[in-house]
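Novice: here are the coordinates; sequence isn't available:
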Ligand SMILES: NC(=O)c1ccc[n+]([C@@H]2O[C@H](COP(=O)([O-])OP(=O)(O)OC[C@H]3O[C@@H](n4cnc5c(N)ncnc54)[C@H](OP(=O)(O)O)[C@@H]3O)[C@@H](O)[C@H]2O)c1
């Protein structure tokens with residue numbers, strides 16, 4: 001695995017990391033979850049990404065991960081980077097979401113209990129909170145690190161401007177921001193506007209999520225919506241996102257991938273990694289077969305200028321950035 005340095009930190013991450021947003025809740029048999037996690041680690045994926053609300057139900061992905069951690073992965077804790085986040089709705093009342101100190105630190109304690117861990121490697125503010133002073137949210141991340149509950153701090157889906165502010169506050173507190181987790185894919189290129197420049201200047205790494213646009217950038221939807229797919233579930237990837245115009249671009253990208261001797265999923269992942277400011281592509285996987293296909297991206301990461309030009313014609317905004325409200329805040 002060709003590990004990559006995260007910004008200007010001392011931490012290296014795998015170019016492909018595994019997220020547990022989907023497929024690790026109580027609806028998925030534990031043995032399948034265990035198989036994917038074990039296979040990922042065997043193949044050199046040292047980074048697993050969670051959040052308080054992953055499931056369903058919310059919290060169950062951490063509980064299930066904690067069980068696999070306890071039963072299978074415990075001896076390798078020091079070879080693993082485990083992250084979690086707080087920001088979205090987690091429990092009732094005024095202290096169960098957004099960016100207050102009260103919520104972030106209580107949520108982190110709950111996450112540690114669910115996972116059976118003493119600490120996480122990275123703790124994130126999951127989204128920007130326009131109603132809480134950024135000093136308070138960043139102060140909570142700093143406390144998380146100073147108290148030993150987290151080794152590093154990160155932010156997710158913050159705009160370029162908010163990221164600059166957050167980086168300044170954290171630098172002054174003495175706990176530099178390690179990483180930013182934004183959405184990014186061939187169909188969702190918002191980070192190219194200014195965020196990547198900010199991250200490069202600040203020395204913060206980027207781990208880009210949904211590089212397959214939740215599965216849209218695979219061959220899965222070229223001829224309709226197959227049963228059992230995320231679009232068939234229709235919770236976060238809804239059939240209206242797969243409109244004919246977008247599918248025309250996806251089909252063209254599929255041809256370009258074939259010309260490169262890759263699957264579309266592999267080309268989509270490799271493309272997000274073409275910029276050295278992107279440390280890792282954070283994928284999801286329903287099973288071991290999907291994960292292996294995605295890992296095949298590492299066999300051909302480089303692009304010619306001609307290939308990039310041809311891709312640019314079809315790598316167009318598709319209106320699929322569900323996390324835009326946070327980065328607009
Ligand atoms: N910070 C945030 O706000 C935030 C938001 C979203 C995600 N994330 C993180 O990013 C991670 C990845 O997100 P994501 O699951 O949306 O990423 P993704 O990699 O874009 O999509 C994963 C889905 O694509 C399909 N897939 C994956 N590999 C495939 C392959 N090789 N061939 C065909 N289909 C394939 C599967 O869909 P099917 O289930 O349909 O088979 C899979 O569930 C999350 O788990 C989470 O850790 C963070």
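Specialist: Perfect, I can see it now. Model, not experiment: these values are computed from the prediction.

Novice: The closest residue to the ligand within the stretch 201-329 of the chain and residue 87, how far apart?
Specialist: Across the stretch 201-329 of the chain, no residue is closer to the ligand than residue 284, which sits at 2.3 Å (C-beta to the nearest ligand atom). For glycine as for every other residue, the C-beta is placed from the backbone atoms N, C-alpha and C. According to C-beta to C-beta, to the nearest Å, residue 284 stands 19 Å off from residue 87.

Novice: ditto for residue 317
Specialist: Using C-beta to C-beta, residue 317 is found at 24 Å from residue 87.

Novice: Looking at the two, which one has more neighbours?
Specialist: It is residue 87, of residue 317 and residue 87, that has more neighbours when counted by other C-beta atoms under 10 Å, with 25 against 11.

Novice: Spatially nearest residue to that one (excluding sequence neighbours)?
Specialist: residue 126 (2.6 Å; C-beta to C-beta, 6 or more residues apart in numbering).

Novice: who touches the one you found in this structure?
Specialist: 51, 85-88, 156-157 (C-beta atoms under 8 Å, 6 or more residues apart in numbering).

Novice: now do residue 161
Specialist: Residues counted as contacts of residue 161 (C-beta under 8 Å, 6+ apart) are residue 194.

Novice: As a check, name the ranges of all strands in the protein.
Specialist: 4-5, 12-13, 16-19, 47-49, 81-86, 120-125, 150-156, 177-181, 205-209, 278-283 (DSSP state E).

Novice: any chance of those strands in TSV, plus mean pLDDT, mean neighbour count and distance to residue 30?
Specialist: Formatted as TSV, the strands of the chain follow (pLDDT from 0 to 100; neighbours: other C-beta atoms under 10 Å; distance: least, C-beta to C-beta, whole Å):
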stretch	mean pLDDT	mean neighbour count	distance to residue 30
strand 4-5	98	14	31
strand 12-13	98	22	26
strand 16-19	99	24	16
strand 47-49	99	26	15
strand 81-86	99	26	18
strand 120-125	99	26	21
strand 150-156	98	25	26
strand 177-181	98	28	26
strand 205-209	98	25	24
strand 278-283	98	26	21
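
Novice: Would you format these as TSV with distance to residue 93 included?
Specialist: Formatted as TSV, these follow (distance: least, C-beta to C-beta, whole Å):
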stretch	distance to residue 93
strand 4-5	41
strand 12-13	35
strand 16-19	28
strand 47-49	27
strand 81-86	15
strand 120-125	19
strand 150-156	23
strand 177-181	27
strand 205-209	28
strand 278-283	31
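
Novice: Of those strands, which is nearest residue 328?
Specialist: Checking the strands of the chain against residue 328 by C-beta to C-beta gives strand 150-156 as the closest, at 14.2 Å.

Novice: contact partners of that closest one?
Specialist: 9, 11, 83, 85, 87, 108, 119-128, 138, 141-142, 144-145, 162-163, 166, 170, 175, 177-182, 209, 323, 326.

Novice: the inter-axis angle of that strand versus strand 177-181?
Specialist: 40 degrees (axes from the mean of the first three to the mean of the last three C-alpha atoms, to 10 degrees).

Novice: partners of strand 150-156, with directions?
Specialist: With DSSP bridges as the test, strand 150-156 is paired with strand 120-125 (parallel), strand 177-181 (parallel).

Novice: For those strands, give me TSV that also has distance to residue 73.
Specialist: As requested, the strands paired with strand 150-156 are exported to TSV (distance: least, C-beta to C-beta, whole Å):
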stretch	distance to residue 73
strand 120-125	13
strand 177-181	22
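
Novice: For the ligand, which of those strands is the nearest?
Specialist: It is, among these and with distance given as C-beta to the nearest ligand atom, strand 177-181, at 4.6 Å.

Novice: Could you tell me the angle between that closest one and strand 205-209?
Specialist: Using the same axes, to 10 degrees: strand 177-181 against strand 205-209 is 20 degrees.

Novice: got the angle for strand 177-181 vs strand 278-283?
Specialist: Using the same axes, to 10 degrees: strand 177-181 against strand 278-283 is 40 degrees.
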